[in-house]
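**Q** Sequence and predicted structure, then a few things I'm wondering about:
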Amino acid sequence: MNVPALYIAGDRDPVVHFPGMDELIPNLRQFVPQLRKTIMFPGCGHWTEQERPDEVNAALIVFLKELDR
C-alpha cells in the first residue's frame, strides 16, 4: 500500500551523515513512492519536533492540506 509521506530532518542530525545517506536522501522516492516532499532544517539536530516545533507544525499542516487536493 502506498501512503503519502513527508520527510523532515535537521542537517545537524548525525543520522543524515551516516555513510550512504548523501545518496539515499535525494533518492528516497525510489523507496517511498508517495514521498511528497523532503525538508532539511539548517542548524537543527535529531529532535526536529522539539528544536523547531513551529516549523515542523507548519510543514505538517501544509502537507496535510495538500492531501485534500
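**A** Noted; the coordinates are in hand.

**Q** Please name the residues that touch residue 32.
**A** By CB atoms under 8 Å, 6 or more residues apart in numbering, the residues touching residue 32 are 5, 7. To be clear about C-beta, it is placed using only N, CA and C from the backbone, and glycine gets the same treatment.

**Q** can you do 6 Å?
**A** The neighbours of residue 32, taking CB atoms under 6 Å, 6 or more residues apart in numbering as the test, are residue 5.

**Q** Tell me how far it lies from residue 65.
**A** 20 Å (CB to CB, to the nearest Å).

**Q** What of residue 40?
**A** Counting by CB to CB, the separation of residue 40 from residue 65 is 21 Å.

**Q** just residue 18 next, same as before
**A** Here the criterion is CB to CB. By it, residue 18 lies 32 Å from residue 65.

**Q** give me the number of residues near residue 42?
**A** The tally of other residues near residue 42 (other CB atoms under 10 Å) stands at 7.

**Q** for the one 10 residues further on, same thing?
**A** For residue 52, the count of nearby residues is 19 (other CB under 10 Å).

**Q** Got the confidence number for it?
**A** You'll see residue 52 listed with a pLDDT of 97.

**Q** unless I'm mixing things up, it is touching residue 42, no?
**A** No - taking CB atoms under 6 Å as the definition, residue 52 is not a contact partner of residue 42, at 10.0 Å.
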